[in-house]
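[1] Fold the following and give me the result.
(chains A, B, C and D)
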Number of protein chains: 2
Amino acid sequence: MLRLNLDPASPVPAYQQIIQALKIEIISGRLKGGDRLPPIRELAKILKLNPNTVAKAYYTLEEDGFVESRPGSGNWVKSRAPDLDSLRVSMLEGETKSYLEKAFSLGASLDDVRRSIERIASHE
Amino acid sequence: MLRLNLDPASPVPAYQQIIQALKIEIISGRLKGGDRLPPIRELAKILKLNPNTVAKAYYTLEEDGFVESRPGSGNWVKSRAPDLDSLRVSMLEGETKSYLEKAFSLGASLDDVRRSIERIASHE
DNA sequence: CAATGCGTATTATATATATAATACGCTTTA
DNA sequence: TAAAGCGTATTATATATATAATACGCATTG
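    Next up is the predicted model:
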């Protein structure tokens, strides 16, 4: 079952959080080509958002080639989606880069980072 | 010289980016108690922002105990600032946690993460 | 075929963020 | 002491985000 966790306190707009979360679902393979997305009204109800907000997210995902909308019917993950493997690699790289930047700017050393990673990863 | 890099494309409001950046400067020790912050109008000019926006950031930093404002004179980093060491540790921990969450949700393994860290860190 | 589900579109309204243009009063400097 | 620098405050306006309330037309289902 699809599970999206949005953060209402975040300054990142809800519709962008939906886009980001669904892209990650698709890139990770948890959502596959041909899978159906929840109807706009239903997802809006679950996320306690206005249907317009969800529609905006779906529309953008379609523009980006991740989703196909069939008016009157529903929204579906595209089968011939963008090269997911290279997207996965480049997204991890981007996350790592910005994480290291923040860590170093806080005054942490590479060893501090290594220790922090192992420490957090060990109690999951 | 103080160097703040804001991202105008980010959905995070400019005044929050200033707050975050200055807290990091203080926590890392690059800004010390007694150091003077740039005058509001000057920083606004440098960042190409409205003085009101910078004032809002300074005001919040004062509320949070990082900065002391002397009307008519300027803004200064507080000498008895919040426990910077524990802040530094908890901020690194928070960054690590959210980084790992994103990495894992992308489908990366802990080894993928370790490799990515070493790879990015090596070409800096 | 009729009813329901669903994507799409429109109009109005509210809120947070940011800009713009000034003005006031205190502090520091010349 | 006069001028300049600086924090603070106010009012008006613009934009992006989100909600609210409907409505239209196509697809699927019974």
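[2] mind listing the helices for chain A?
    Ranges of helices in chain A, per DSSP state H, are A:14-28, A:40-47, A:51-63, A:84-105, A:110-122.
[3] Turn these into TSV, columns for mean neighbour count, distance to DNA strand D and mean pLDDT.
    Backbone N, C-alpha and C define where each C-beta goes, glycine included. What follows is the helices of chain A, written out as TSV (neighbours: other C-beta atoms under 10 Å in any protein chain shown; distance: least, C-beta to the nearest atom of the strand, whole Å; pLDDT from 0 to 100):
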stretch	mean neighbour count	distance to DNA strand D	mean pLDDT
helix A:14-28	19	3	95
helix A:40-47	16	7	96
helix A:51-63	17	4	96
helix A:84-105	16	20	94
helix A:110-122	15	29	97
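[4] Surely residue A:19 touches residue A:57?
    Yes - taking contacts as C-beta atoms under 8 Å, residue A:19 lies within contact range of residue A:57: 5.0 Å.
[5] Residue A:8 versus residue A:47, what's the distance?
    Taken as C-beta to C-beta, to the nearest Å, the spacing of residue A:47 relative to residue A:8 amounts to 9 Å.
[6] which residues do those two both contact?
    Overlap between the neighbourhoods of residue A:47 and residue A:8 consists of residue A:14, taking contacts as C-beta atoms under 8 Å, 6 or more residues apart in numbering or on different chains.
[7] can you redo the helices of chain A as JSON lines with distance to DNA strand C?
    JSON lines is the format used below for these (distance: least, C-beta to the nearest atom of the strand, whole Å):
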{"stretch": "helix A:14-28", "distance to DNA strand C": "13"}
{"stretch": "helix A:40-47", "distance to DNA strand C": "3"}
{"stretch": "helix A:51-63", "distance to DNA strand C": "5"}
{"stretch": "helix A:84-105", "distance to DNA strand C": "19"}
{"stretch": "helix A:110-122", "distance to DNA strand C": "29"}
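[8] In a markdown table, list those along with distance to residue A:77.
    Supplementary listing: those in a markdown table, determined by distance: least, C-beta to C-beta, whole Å:
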| stretch | distance to residue A:77 |
| --- | --- |
| helix A:14-28 | 6 |
| helix A:40-47 | 14 |
| helix A:51-63 | 9 |
| helix A:84-105 | 11 |
| helix A:110-122 | 30 |
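[9] neighbours around the residue in chain A that DNA strand D sits nearest to, how many?
    Nearest to DNA strand D, among the residues of chain A, is residue A:72, at 2.6 Å (C-beta to the nearest atom of the strand). A total of 5 residues lie near residue A:72 under the criterion other C-beta atoms under 10 Å in any protein chain shown.
[10] Residue A:53 versus that one, what's the distance?
    Distance, residue A:72 to residue A:53, by C-beta to C-beta: 21 Å.
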